[in-house]
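>>> I'd like to go over a predicted model; first the sequence, then the structure.
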Amino acid sequence: MSWESSAVYYNIINRKTNELLGRYHCAKSIMVTVDFAKIQELQFSEDWKSLEEMMIQSAKQLEAAGADFVILCTNTMHLCSPAIIDNISIPFLHIADATGIKIAETGLKKVALMGTKFTMEKDFYKTYIFNKFGIEVIIPDKNDSEIIHNTIYNELVQGVIKEESRLKFQQIIGNLEKRGTEGVILGCTEIPSLISKSDVSIPVFDTTAIHAEKAVEWALQ
């Protein structure tokens, strides 16, 4: 939900559009941004009702401005996706749908999920992928989850990239491999700025790129 990941979405969507259509083409898009300080405050106080209201308002703004469908450029805030879907009349592209399709294409049956504590610990993401695609989703242990969560909020959403944090994330993924995970979901749209497929030995699912590219596919259809 930070502007850091919004910028990456905007870049990927426009580059993918140009790659597919060529010449001078770019994506026609409308973006509503929110002040991440308020989002962070409400997340940490677990005030999901207020967050839902903010997300509904933003989605309605997009619909009123003429959007054909909505994407929410974040994993954690998909906790609010049922409320968004219930309050708009245009389609909503769920990030777990796009991610689940990509994982299913590989044939993997057990993957790990890395993201904020809200994304890792609550059921909205893990259960969605299991129920729809039959893919088991595990999460890091408590200590590793704390490291991931704190790195996201104290570094990544502020655009701070540290080599020591990359090494910690590689170690965490190694721990997950020992538990039988076949791949890892980078389930926070800021994590791909720190970790990429070249940093680990198992498949990595970059939810930012997967979601943004699926949005282009939807738009062109």
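Cool, the structure landed. Numbers count the residues shown, from 1 in each chain.
>>> CA only for contacts and neighbour counts going forward, please
Fine.
>>> quick one: stretch 145-156 to chain centroid distance?
Its chain's C-alpha centre and that of stretch 145-156 lie 15 Å apart, by CA atoms, centre = their mean, to the nearest Å.
>>> Now for Phe36, how many residues are close by?
Summarising burial for Phe36: neighbours were counted as other CA atoms under 10 Å, giving 13.
>>> My read is that it contacts Met1, right?
Yes - when contacts are counted by CA atoms under 8 Å, Phe36 is listed as touching Met1 (6.7 Å).
>>> Name the nearest residue to the residue nearest the centre of the chain, ignoring sequence neighbours.
Closest residue to the average C-alpha location of the chain: Asn75 at 3.5 Å, with CA atoms, centre = their mean. Excluding the flanking residues, the one nearest Asn75 by CA to CA, 6 or more residues apart in numbering is Cys188, at 5.5 Å.
>>> Show the pLDDT at that neighbour.
pLDDT recorded at Cys188 is 92.
>>> who touches it in this structure?
74-76, 114-116, 207-208 (CA atoms under 8 Å, 6 or more residues apart in numbering).
>>> With Glu217 instead?
By CA under 8 Å, 6+ apart, the contact set of Glu217 is empty.
>>> Quickly find the element holding it.
helix 207-220 (DSSP states H and E).
>>> cool, Lys126 as well?
Per DSSP H and E: Lys126 is located in helix 123-133.
>>> and Gly180, how many neighbours?
12.
>>> got it, and Lys214?
Lys214 - counted by other CA under 10 Å - has 23 other residues nearby.
>>> cool, Lys178 as well?
When counting by other CA under 10 Å, one arrives at 9 neighbours for Lys178.
>>> So for it, what's the pLDDT?
Looking at Lys178, its pLDDT is 96.
>>> Give the closest residue to Phe133 in space, chain neighbours not counted.
Closest residue to Phe133 apart from its sequence neighbours, by CA to CA, 6+ apart: Gly100 at 6.4 Å.
>>> what residues are up against that neighbour?
129, 132-133.
>>> Could you list the buried residues of the host helix or strand of it?
Element membership for Gly100 (DSSP H and E) is helix 95-106. Applying a neighbour-count criterion of 16 or more other CA atoms under 10 Å, one finds 95-100, 102-103 buried in helix 95-106.
>>> would you list those in CSV and tack on pLDDT and distance to Ile147?
Output for the buried residues of helix 95-106, formatted as CSV (pLDDT from 0 to 100; distance: CA to CA, whole Å):
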residue, pLDDT, distance to Ile147
Ile95, 95, 23
Ala96, 94, 23
Asp97, 95, 27
Ala98, 96, 26
Thr99, 96, 23
Gly100, 96, 25
Lys102, 96, 27
Ile103, 97, 25
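>>> farthest pair in the residues you listed?
Greatest spatial distance among the buried residues of helix 95-106 (CA to CA): Ile95 and Ile103, at 12.4 Å.
>>> Using PDB, write down the CA coordinates of the helix holding Gly100.
Extracted C-alpha coordinates of helix 95-106, given in PDB (Å, rounded to 0.1, in the frame of the first residue of the first chain):
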ATOM      1  CA  ILE A  95      -4.000 -10.800  -5.800                       C
ATOM      2  CA  ALA A  96      -4.400 -14.400  -4.500                       C
ATOM      3  CA  ASP A  97      -6.300 -15.400  -7.600                       C
ATOM      4  CA  ALA A  98      -3.500 -14.200  -9.800                       C
ATOM      5  CA  THR A  99      -0.800 -15.800  -7.600                       C
ATOM      6  CA  GLY A 100      -2.700 -19.100  -7.200                       C
ATOM      7  CA  ILE A 101      -3.000 -19.400 -11.000                       C
ATOM      8  CA  LYS A 102       0.700 -18.900 -11.400                       C
ATOM      9  CA  ILE A 103       1.600 -21.400  -8.700                       C
ATOM     10  CA  ALA A 104      -0.900 -24.000 -10.100                       C
ATOM     11  CA  GLU A 105       0.800 -23.700 -13.600                       C
ATOM     12  CA  THR A 106       4.000 -24.900 -12.000                       C
END
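>>> Fine by me, thanks again.
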